[in-house]
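Visitor: the sequence isn't on hand, but the structure is:
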């Protein structure tokens with residue numbers, strides 16, 4: 001069985017993926033999301049990932065919450081819209097830490113649930129993972145977790161379990177962007 005490290009951004013994006021991988025691989029969930037703002041939101045999202053892992057007996061690594069690292073990685077891109085040039089920098093920061101951890105802890109393969117997000121493009125995220133996999137010598141599993149009914153399955157699983165579903169990507173700028181969109185809709 002392959003040692004598989006799965007970067008998970010939140011329970012809604014992760015639940016169907018974790019469910020699919022937990023019997024196929026020696027799975028460890030990696031929670032590293034310094035982009036999430038404010039810290040209370042970060043803790044709420046982490047709580048539900050921890051809950052899923054505990055309920056299913058899946059190992060989990062809770063990595064540091066380091067807003068400074070995220071701010072430095074995205075410096076100069078504060079005015080970018082959601083989905084703009086800031087997002088790939090954010091993906092890279094989180095995937096690089098995942099790849100590095102995978103290498104240092106002898107994982108065979110790593111991946112991310114980021115491609116589960118309705119506004120996250122696998123064609124942007126997967127090449128970053130492949131590049132970092134080559135850099136660290138750990139295979140990156142390329143996929144779009146939205147496909148093959150996983151997004152709907154995840155939605156149902158979240159609803160059935162009463163899991164918190166956030167209404168913005170995570171960073172302070174996406175929170176502001178979603179608030180602006182909501183005001184425009186009124």
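Guide: Yep, it's here. This is a predicted model, so every value here is computed, not measured.
Visitor: dump the residue contacts of residue 164.
Guide: Counting by C-beta atoms under 8 Å, 6 or more residues apart in numbering, residue 164 touches 11, 44, 45, 47, 48. Any C-beta I mention is one placed from the backbone N, CA and C, and that applies to glycine too.
Visitor: how about the contacts made by the third one?
Guide: Applying C-beta under 8 Å, 6+ apart, one finds that residue 45 lies in contact with 9, 10, 11, 33, 36, 164, 166, 170.
Visitor: out of those residues, which are inside helices?
Guide: Counting by DSSP state H, the contacts of residue 45 place residue 11 in helices.
Visitor: on that earlier part again, including distance to residue 1, secondary structure and pLDDT, could the contacts of residue 164 go into CSV?
Guide: Shown next, in CSV, are the contacts of residue 164 (distance: C-beta to C-beta, whole Å; DSSP: H, G, I helix; E, B strand; the rest coil; pLDDT from 0 to 100):
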residue, distance to residue 1, secondary structure, pLDDT
11, 24, helix, 96
44, 32, helix, 96
45, 28, helix, 96
47, 28, helix, 97
48, 26, helix, 98
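Visitor: list just the nearest of these to residue 89.
Guide: residue 45 (20.1 Å; C-beta to C-beta).
Visitor: and residue 130, how close does it get to residue 90?
Guide: Relative to residue 90, residue 130 is positioned 17 Å away (C-beta to C-beta, to the nearest Å).
Visitor: those two: which is more packed in?
Guide: Per other C-beta atoms under 10 Å, whichever of residue 130 and residue 90 has more neighbours is residue 90, with 22 against 15.
Visitor: quick check: the more buried one vs residue 20, distance?
Guide: Distance from residue 90 to residue 20, counting by C-beta to C-beta: 25 Å.
Visitor: before we move on, what about residue 29?
Guide: 13 Å.
Visitor: which of those two has more residues huddled nearby?
Guide: Legend: neighbour count by other C-beta under 10 Å for residue 29 and residue 20, higher for residue 29 (25 against 16).
Visitor: so which strand or helix has the more buried one?
Guide: Assigned by DSSP states H and E, residue 29 belongs to strand 26-31.
Visitor: where's residue 10 relative to residue 18, distance?
Guide: Counting by C-beta to C-beta, the gap from residue 10 to residue 18 is 12 Å.
Visitor: more neighbours, those two?
Guide: Neighbour count, other C-beta under 10 Å: between residue 10 and residue 18, residue 10 has more, with 28 against 23.
Visitor: what about the strands in this structure?
Guide: Using DSSP state E, the strands of the chain run over residues 3-7, 26-31, 59-62, 109-112, 139-140.
Visitor: adding distance to residue 122 and mean pLDDT, write those out as a markdown table.
Guide: Putting those into a markdown table (distance: least, C-beta to C-beta, whole Å; pLDDT from 0 to 100) gives the following:
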| stretch | distance to residue 122 | mean pLDDT |
| --- | --- | --- |
| strand 3-7 | 14 | 98 |
| strand 26-31 | 19 | 98 |
| strand 59-62 | 24 | 97 |
| strand 109-112 | 10 | 98 |
| strand 139-140 | 12 | 98 |
